[in-house]
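> fold the stuff below for me.
(one chain, ligands or ions: 2)
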Amino acid sequence: MTVPNQTLPDRLIHTEEDVTPFVQTMLARTPDPRLREVLLSAATHLHAFIREIRPTEPEFELAIRWLRDVGQACTDSHNEMVLAADTMGASTLIDLINNDGMQGETMSALLGPFYRGDAPQCGYGDTIARSDTPGADLVIEGRVLDVNGDPIAGATLDVWQASPAGLYENQDPDQADFNLRGKFTTDDDGRYCIRTVKPAGYPIPTFGPVGQLVLLQDRPVMRPAHVHFIVTAPAHKTLITQIFADSMQAMIEDVVFGAKEQIAGDFQECSTPHPVVTGLRTPYFTCHYDFLLKPGEPTFPEPPIKGKAGAPS
Ligand code: BEZ
Ligand code: FE
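Ligands and ions are numbered 1, 2, ... in the order given. I've put the predicted structure just below:
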């Protein structure tokens, strides 16, 4: 983008055509180059969008009220802003700009609004079902490898999922704190093993302004069944992803555009005893999945929420 003339405008705004160059000239004074680039581009595209749709004044008031409501719907246990970014496809676009999967690493997927951080540490084969949870038993196991296929020992998998009843524990007073959340560490061979329940698809929250807007679009408000993972290891780029357990139709209709074929899991029904995990109700499911990390600096996303509704934060 060309940086407009940095001197002050020589006259005030008279007409619609004057607004964008006037604003650009003022924003171009921003000293930080990246912030200047972002602000100039945001104002230029925003003005072009406004010129295209030519909002009426009541429409502008409605838009401002919607934005205010998005902010006011955010609490320590609910992040309506993330929901807004996700349902407009912005999160998936930014995800793919930053994670193209071109070095053989596992494809990523959006973080979503329900990552809590500080989940309890679990041992090999431990369950993350911490209170009575419906659904078939599931064992997810595999290895964390580098893009050459070598095992990564001591990698961390931070795992979370919704209950098959359709709610994350932070949304549901009937689930124990940190139900269906846990951290696992790979062994010397890069192996991990997680006991959980088979996920089900669930609707995004529709009580707030974002869900209400999606309902007006006449498309499903559902996410396909999935389990979230953040996989980290020293000297490797952090992988934020999801493993999907649903039909192609459900993945195509994902309300937040997060489903990708490369991260669809292979879920097998089993009735014979599992070699590691005991006490499984049969039939149970297994999903074998190897995560591939590329070299890089590990980073840790800021959790969009802090805890359960009503709990002290
Ligand atoms: C999720 O998968 O947790 C999620 C992602 C985006 C919006 C709502 C939920
Ligand atoms: Fe989810």
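
> contacts and neighbour counts: CA atoms only from here.
Fine.

> what's the span of stretch 78-98 from first residue to last?
This stretch, stretch 78-98, spans 26 Å end to end (C-alpha to C-alpha, to the nearest Å).

> who's in contact with it?
The list of residues contacting stretch 78-98 from outside it, by C-alpha atoms under 8 Å, 6 or more residues apart in numbering, reads 70-71, 73-74, 108-110, 112-114, 208, 210, 214, 255-258, 304-305.

> disregarding residues adjacent in the polypeptide, which is nearest to the residue of the stretch 51-200 of the chain found nearest ligand 1?
Taking C-alpha to the nearest ligand atom, ligand 1 has its nearest neighbour within the stretch 51-200 of the chain at Gly112, 3.6 Å off. With C-alpha to C-alpha, 6 or more residues apart in numbering as the criterion, Gly112 has its nearest non-adjacent residue at 6.7 Å, and that residue is Val82.

> ditto for Tyr124
Closest to Tyr124 by C-alpha to C-alpha, 6+ apart is Cys193, at 5.3 Å.

> helices and strands around the helix or strand containing that neighbour, which ones?
Using DSSP states H and E, Cys193 sits in strand 191-197. Here strand 191-197 is seen to pack against strand 137-146, strand 181-185 when contacts are counted using 3 or more C-alpha pairs under 8 Å, 6 or more residues apart in numbering; DSSP states H and E.

> and the average pLDDT for it is what?
The pLDDT scores in strand 191-197 average 98.

> list the residues that contact the spatially closest residue to Gly154 that is not a sequence neighbour.
Distance criterion C-alpha to C-alpha, 6+ apart; nearest residue to Gly154, sequence neighbours excluded, is Thr186 at 5.0 Å. For Thr186, the contacting residues are Arg143, Val144, Ile152, Ala153, Gly154, Ala155, Thr156, Leu157, Tyr192, by C-alpha under 8 Å, 6+ apart.

> I'd assumed Tyr192 was in contact with the fourth one.
Think Ala153. No - Ala153 is beyond contact range of Tyr192, at 9.8 Å (criterion: C-alpha atoms under 8 Å).

> joint contacts of those two?
Val144, Thr185, Thr186.

> I'd like those residues as CSV, with distance to ligand 1 appended.
Below are these laid out as CSV (distance: C-alpha to the nearest ligand atom, whole Å):
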residue, distance to ligand 1
Val144, 22
Thr185, 22
Thr186, 24
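
> quick check, nearest of those to Pro224?
Val144 (24.3 Å; C-alpha to C-alpha).

> who are the contact partners of the closest one?
Val144 neighbours (C-alpha under 8 Å, 6+ apart): Pro151, Ile152, Ala153, Ala155, Thr186, Gly190, Arg191, Tyr192, Asp290, Phe291, Leu292, Leu293.

> please redo it, this time with the cut-off set to 6 Å
Val144 is in contact with Pro151, Ile152, Gly190, Asp290, Phe291, Leu292, counting by C-alpha atoms under 6 Å, 6 or more residues apart in numbering.

> same list (the residues you listed) but as a markdown table, adding secondary structure and distance to ligand 1.
Shown next, in a markdown table, are the contacts of Val144 (DSSP: H, G, I helix; E, B strand; the rest coil; distance: C-alpha to the nearest ligand atom, whole Å):
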| residue | secondary structure | distance to ligand 1 |
| --- | --- | --- |
| Pro151 | strand | 28 |
| Ile152 | coil | 26 |
| Gly190 | coil | 26 |
| Asp290 | coil | 20 |
| Phe291 | strand | 19 |
| Leu292 | strand | 21 |
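
> turn the residues you listed into CSV, including distance to Cys122.
Below are those laid out as CSV (distance: C-alpha to C-alpha, whole Å):
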residue, distance to Cys122
Pro151, 20
Ile152, 18
Gly190, 15
Asp290, 19
Phe291, 18
Leu292, 21
